[in-house]
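How does the following fold in three dimensions:
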Amino acid sequence: MTINDLMQDALESAAWRGQDMGEFCPSFYIAQCSRCGRIIQIDPNPLPNGIEIGGEALAVYCPGVED
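Reported below is the predicted structural model:
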């Protein structure tokens, strides 16, 4: 996967959780939710036991979104 593919996948996953992610910081591949401050990050070259996409915004729903 390319870094652009990873960023798109990460943003779509975070949006599914109600996160309103900003743009990725180009040098660190980190984006932050404008409502709760949770982040997603991308590692384009993870270690063999590492992951490409991670962060709290992918794991939990945004508390700033009403059901």
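
Nearest residue to I3 in space, please, no chain neighbours.
Spatial nearest neighbour of I3, excluding adjacent residues (CB to CB, 6 or more residues apart in numbering): P44 at 4.9 Å. Quick note: C-beta positions are derived from backbone N, CA and C, even for glycine.

Just grab the bridge partners of the residue nearest to the spatial centre of the chain for me.
The residue lying closest to the centre of the chain (CA atoms, centre = their mean) is I40, at 2.7 Å. With DSSP bridges as the criterion, I40 is bridged to A31.

What segments of this structure are strands?
Secondary structure of the chain (DSSP state E): strands at 30-32, 39-42, 53-54.

Mind listing residues that contact stretch 3-18?
Applying CB atoms under 8 Å, 6 or more residues apart in numbering, the external contacts of stretch 3-18 come out as 1, 21, 24, 29, 31, 33, 40, 42, 44, 52-53, 55, 57-62, 64-65.

One more: stretch 34-54?
Stretch 34-54 is contacted from outside by 1, 3, 6-7, 9-11, 13-14, 19-22, 24, 28-33, 55-58, 60, 62-65, using CB under 8 Å, 6+ apart.

swap the cut-off to 6 Å and go again
With CB atoms under 6 Å, 6 or more residues apart in numbering as the test, stretch 34-54 has contacts from 3, 6, 10, 14, 20, 22, 29-32, 55-58, 62-64.

Dump it to PDB, keeping only the CA atoms.
Only the C-alpha atoms of stretch 34-54 are listed here, as PDB (Å, rounded to 0.1, in the frame of the first residue of the first chain):
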ATOM      1  CA  SER A  34     -11.000  18.700  15.900                       C
ATOM      2  CA  ARG A  35     -13.600  17.700  18.500                       C
ATOM      3  CA  CYS A  36     -11.800  15.500  21.000                       C
ATOM      4  CA  GLY A  37      -8.100  15.800  20.200                       C
ATOM      5  CA  ARG A  38      -7.600  12.000  19.600                       C
ATOM      6  CA  ILE A  39      -5.000  11.200  16.900                       C
ATOM      7  CA  ILE A  40      -4.300   8.600  14.200                       C
ATOM      8  CA  GLN A  41      -0.800   8.000  13.000                       C
ATOM      9  CA  ILE A  42       0.700   6.100  10.100                       C
ATOM     10  CA  ASP A  43       4.000   4.300  10.000                       C
ATOM     11  CA  PRO A  44       4.800   3.700   6.300                       C
ATOM     12  CA  ASN A  45       7.700   1.400   7.300                       C
ATOM     13  CA  PRO A  46       6.700  -0.500  10.500                       C
ATOM     14  CA  LEU A  47       8.900  -3.000  12.200                       C
ATOM     15  CA  PRO A  48       8.000  -6.700  11.400                       C
ATOM     16  CA  ASN A  49       5.800  -6.900  14.400                       C
ATOM     17  CA  GLY A  50       4.500  -3.300  14.100                       C
ATOM     18  CA  ILE A  51       1.400  -1.800  12.500                       C
ATOM     19  CA  GLU A  52       0.900   0.700   9.700                       C
ATOM     20  CA  ILE A  53      -2.100   2.500  11.100                       C
ATOM     21  CA  GLY A  54      -2.800   3.200  14.800                       C
END
